[in-house]
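Q: Give me a model of this one.
(one chain, ligands or ions: 1)
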Amino acid sequence: MTVEQAIKSRKSIRKYRDKPVESEKLNLVLEAARMAPSARNMQDWKFIAVTDKEKVRQMQDACMGQKQVGMAPVTLVVCANNDSAMPCGQSKTSVDCSIAMSFMMLQATELGLGMCWLGAFDENKVKEVLGIPEDYIVVAVSPLGYADEEPAAKPRKAFDEVVCFDRFK
Ligand SMILES: Cc1cc2nc3c(=O)[nH]c(=O)nc-3n(C[C@H](O)[C@H](O)[C@H](O)COP(=O)(O)O)c2cc1C
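A: Predicted coordinates for the structure are as follows:
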């Protein structure tokens, strides 16, 4: 599968089969996050793969009860510390972690696995469940597993509506 094919075929998966993710595949997904670029290459992040069934159940609670979390065999959590504003004003933590999560989603797609980026979670509960230190920010959570659905592709705005050349239009 090419990167273009992974980008075009990836979809948010919200139903998962009761089938474990092989450790080789899980490690490849986590390796994609490890290899992602970060501001000044600081890599102030942690990637937590939750596989313990009871902890996964607790993660569902921490993610506003979203059923997809409890259905998938793995929950991935991306967090980081030492946040600061970059000269452009953006938080390096949220940008770094978002890139890492995106890399994981594309790697998972190539491996035939599904994910669904979750922004709806209670950060304090996630920290409590996983023992994440106070000074870390949890940026994103996602279930990981084999899809039990084939959702239709969500529409995207037209190329010309979101892309311009040389000047904002
Ligand atoms: C930052 C972010 C937060 C999201 N949070 C949630 C969420 O909490 N629950 C959920 O079911 N989907 C969530 N999504 C998934 C989006 O709804 C989904 O990516 C979007 O509808 C496009 O569909 P697609 O991923 O299948 O292309 C989130 C996506 C992003 C990028």
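Q: Run a quick neighbour tally on the residue nearest to Met1 when sequence neighbours are not counted.
A: Spatial nearest neighbour of Met1, chain neighbours left out: Glu110 (4.8 Å); criterion: Cβ to Cβ, 6 or more residues apart in numbering. Bear in mind the C-beta positions are built from the backbone N, C-alpha and C, glycine included. Other residues within reach of Glu110, judged by other Cβ atoms under 10 Å, total 18.
Q: pretty sure Glu110 contacts Ala6?
A: Yes - using Cβ atoms under 8 Å, Glu110 and Ala6 qualify as a contacting pair, with a distance of 5.2 Å.
Q: Pull out the buried residues from the strand or helix carrying Thr93.
A: Element membership for Thr93 (DSSP states H and E) is helix 92-110. Neighbour-count burial for helix 92-110, counted by 16 or more other Cβ atoms under 10 Å, picks out 92-93, 95-110.
Q: So which bits of stretch 67-81 are buried?
A: So, applying 16+ other Cβ under 10 Å, buried residues of stretch 67-81: 68-80.
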